[in-house]
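Undergrad: predicted model follows, preceded by the sequence.
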Amino acid sequence: MVKQTIQIFARVKPPVRKQQQGIYSIDEDEKLTSSLEIILPRDLADGFVNNKRESYNFKFQRIFDQDANQETVFENIAKPVAESVLAGYNGTIFAYGQTGSGKTFTITGGAERYSDRGIIPRTLSYIFEQLQKDSSKIYTTQISYLEIYNECGYDLLDPRHEASSLEDLPKVTILEDPEQNIHLKNLSLHQATTEEEALNLLFLGDTNRMIAETPMNQASTRSHCIFTIHLSSKEPGSATVRHAKLHLVDLAGSERVAKTGVGGQLLTEAKYINLSLHYLEQVIIALSEKHRSHIPYRNSMMTSVLRDSLGGNCMTTMIATLSLEKRNIDESISTCRFAQRVALIKNEAVLNEEIDPRLMIIRLQKEIQELKDELAIVTGERRTEALTEAELLQLEKLITSFLEDQDPESRLEVGADMRKIHHCFHHLKKLLNDKKILGNSTVSSESKDQDCQEPLKEEEYKKLRDILKQRDNEINILVNMLKKEKKKAQDALHSSRMDRSEFRRSQNSPFPPRNPEEGQRMLLSSAPTQAQDFSTSGYRSSLLHKKTGMREEMSLGRQEAFEIFKRDHADSVTIDDNKQILKQRFSEAKALGESINEARRKIGHLKEEITQRHIQQVALGISENTAVPSMPDLQEERLRSQLEEEKRRYKTMFTRLKALKVEIEHLQLLMDKAKVKLQKEFEAWWAEEASNLQVKSPALNSLDHMKPFPQTLESQHDRPQLLFNKSYPPTFCFCWFVFYSDVYARKILPSPCPSPRSQEQSRTSTPLGNSIPERPTSSVPLTGDSQTDSDILAFIKARQNILQKKYLHLLLFSAPKASSLLCPASPNKKGLSDDMVTC
Ligand code: ADP
Ligand code: MG
């Protein structure tokens, strides 16, 4: 049992703007603990109640200042916890702090760079690395990912997530068994045999979380997320299994409701968050007080799930994330106060060992059988059936090998069958008697001289026997080779074709088998391996496809708008950067893959040479009728050292390639996530603009409401609100125009089943030929600057001409296709031809 208080660490986030000096200081002088001093600026007039104190001091195990990187945080906080989980103890790491203070960044990581990987991916990597190193135990790893939002639990790895919103999913509920152990119903456990599989699960959960989020429910800041690694281990042959759980928890933002001043739905959520954080606080207060018999775990779902982590069987660590800017001082102080209370809680972690019932049954069955055998010996129970011919033969063989075995420890194992034991004794007696008779006759007939020569003869006999054995072996080798050659000749045509294609395939793969021996196996089974690779990338692409929605269903205008939206989006730089890095890594992996294949070929070649050399020597021995020379073969030694060198090179390159593979996978997942985010933001922007247009549709002539693309500039406050103001880039105006024409085209094109009247109306009131060129020009609020205005008008005119031509082209040359593009639900030719006439 390990008794330990909850370890508390603090991490200070780098400020968004330039940091005001003197707000805090860190004192690292003391042993084992560091202290953080938060200094209250004197000019705090913005709502902060100055309670006369000028500074606050808080103690932490360690404080990570702004410049601490993710690797340092992992090494100091998560690695020791991961190690105790590997040893069989439960572990929890939770991040607590206000929204934007870096909880998600610390626990999961940044979405941009590989080096920003947070605690979860690094811990997974570390755990799988350790599991691979330790062959003395059999490990099983499972993953679950739970989100708690508004006091309800949701399974982020539920396959139905892709189709539904968060609220439609079956809720994860808590069940308690008579021993008061908590079980979570509807929370799926997914086995992960490799780091890659575990990472895929993490990204799947994160993407599901992002998708379920709508502007109305910013679940990521208002929900708690618990990523759990379940690790079981057992020694081969043992029935004792160790279970350990590692919870990595990203809590909801800890800010107070009063400050945020929210209402309606947000208030409900804020209440829930604060309620569950409030209950967490209550549990912590109760635990930190001595002699408190009742701990209110059951008040909220989160405290129920984390019951073991708080004052129970777990090694728990808290990371207080702080955003030490002027306006966040009060929240930071309250985070630190919370941490100080947490530090008082004592946990008692024990090894979670249990007996696996299946293994226990096998063990007991064996024991019963042994006892039965013993009992049969003791009671002398006899079996009536005589031993069969095969059994007798088997026994005689056993006896012969027992007698020939030089090992004094060797035993004659025949089981607990009395018939067999008796037969063995009889047989041994017979052998002994036979030898006695033979011995007597030899003694009587041989002289003393002959006795002296006996050892000599024995030696010669042994030598001859060895040579005979050697020859036998050689003959066997040659016969096998002959057989092989014959078979090769028979299969030559067929197998050569097969080998060529397999070889080519294996050369193309940048990820070769683990070792040269495996290479042969992998060649044979390359088809299933590739299928698996496909399934991984297929999983990703299908996920992306599902998440991003059907791009193909977008209208042309929308697609164009999306392209520009994408280009101007802040994340596109990250995506491009990551693309570049990925490209580099891919080419490195490819080059490495080629070198590995080359090394593998060399290894194969060297092995072949060594075998050839053996065969030659054997053949030489046969032809000259001499034994194989005992002199060391220099040529062979040279080949062997070359072989070892090549194997070493192969191993080094393979390790590097494996690391590259993990990095590539991670970058791909990051990019996929960024793409989903981009698409989602575009959809939201598009939907909002569409609904705005619809509200104002009768006039369709005011563009003031158009919102600029989100995140296209650092600060939206700095942007003027007029769309066609000079400061907007032409691409943005163009993009708006595409959006406008698209919505507008949808409006004027016939509906699925247009009534004759509506067709009439559309013909008379909004003829395509007039509407498209005229509407925007007449409705655009111009800037007043004649030069800029005329530029805009010229630009719009040119764009309209292109669009008109495009529509005409589509209508004339691919009417059915165009109809589905322009008005997806209506392949109504009549309607289109009306427009065509108008055009
Ligand atoms: P929270 O989860 O607490 O709401 P986030 O982790 O989402 O906060 O952090 C908010 C922003 O700050 C993110 O853009 C994140 O990348 C950035 N950030 C947080 N901590 C750090 C850090 N230590 N270094 C660099 N950027 C950080
Ligand atoms: Mg967060």
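TA: It's in. Ligands and ions are numbered 1, 2, ... in the order given.

Undergrad: residues of the chain that sit close to ligand 1?
TA: For the chain, the contact set with ligand 1 under Cβ under 6 Å from any ligand atom comprises 13-14, 97, 99-105, 110, 221, 253, 321. For the C-beta atoms, the positions are set from N, CA and C on the backbone; glycine is no exception.

Undergrad: give me the residue from the stretch 51-200 of the chain nearest ligand 2.
TA: Nearest residue of the stretch 51-200 of the chain to ligand 2: Thr104, at 3.3 Å (Cβ to the ion).

Undergrad: what helices or strands is the helix or strand harbouring that residue leaning on?
TA: Per DSSP states H and E, Thr104 falls inside helix 103-107. Applying 3 or more Cβ pairs under 8 Å, 6 or more residues apart in numbering; DSSP states H and E, one finds that helix 103-107 makes contact with strand 91-96, helix 119-133, strand 240-250, strand 315-322.

Undergrad: let's see 10 Å
TA: On a contact count with 3 or more Cβ pairs under 10 Å, 6 or more residues apart in numbering; DSSP states H and E, helix 103-107 meets strand 7-12, helix 70-73, strand 91-96, helix 119-133, helix 219-222, strand 224-234, strand 240-250, strand 315-322.

Undergrad: rewinding a little: in the residues of the chain next to ligand 1, which has the lowest confidence score?
TA: Within the residues of the chain next to ligand 1, Thr221 has the lowest pLDDT, namely 71.

Undergrad: run a quick neighbour tally on that residue.
TA: When neighbours are counted by other Cβ atoms under 10 Å, Thr221 registers 16.

Undergrad: how far away is it from Ser101?
TA: Distance, Thr221 to Ser101, by Cβ to Cβ, to the nearest Å: 11 Å.

Undergrad: now list whatever residues contact both of those two.
TA: Common neighbours of Thr221 and Ser101 are listed as 253, 255 (criterion: Cβ atoms under 10 Å, 6 or more residues apart in numbering).

Undergrad: which strand or helix spans Tyr56?
TA: Per DSSP H and E, Tyr56 falls inside strand 55-60.

Undergrad: so Val618 belongs to a helix, correct?
TA: Yes: counting by DSSP: H, G, I helix; E, B strand; the rest coil, Val618 is found in a helix.

Undergrad: list the contacts of it.
TA: Each residue near Val618 by Cβ under 10 Å, 6+ apart is listed here: 470, 473-475, 477-478, 481, 628.

Undergrad: most neighbours, which of those residues?
TA: Most surrounded of the contacts of Val618: other Cβ under 10 Å gives Glu474, at 17 neighbours.

Undergrad: show me the beta-bridge partners of the residue of the stretch 301-450 of the chain found nearest ligand 1.
TA: Ligand 1 sits closest to Thr321 of the stretch 301-450 of the chain, with a gap of 5.7 Å, by Cβ to the nearest ligand atom. Counting by DSSP bridges, Thr321 is bridged to Arg11.

Undergrad: with Ala10 as the reference, measure out to it.
TA: Taking Cβ to Cβ, one finds Thr321 at 8 Å from Ala10.

Undergrad: what touches both of these two?
TA: Joint contacts of Thr321 and Ala10 (Cβ under 10 Å, 6+ apart) are 64, 97, 332, 335.

Undergrad: what sits against the closest residue to ligand 1 within the chain?
TA: At 2.8 Å from ligand 1, Gly102 is the closest residue in the chain, using Cβ to the nearest ligand atom. By Cβ under 10 Å, 6+ apart, the residues touching Gly102 are 11-14, 95, 110, 118, 319, 321-323.

Undergrad: list only buried entries from those residues.
TA: 11-13, 95, 110, 118, 319, 321-323 (16 or more other Cβ atoms under 10 Å).
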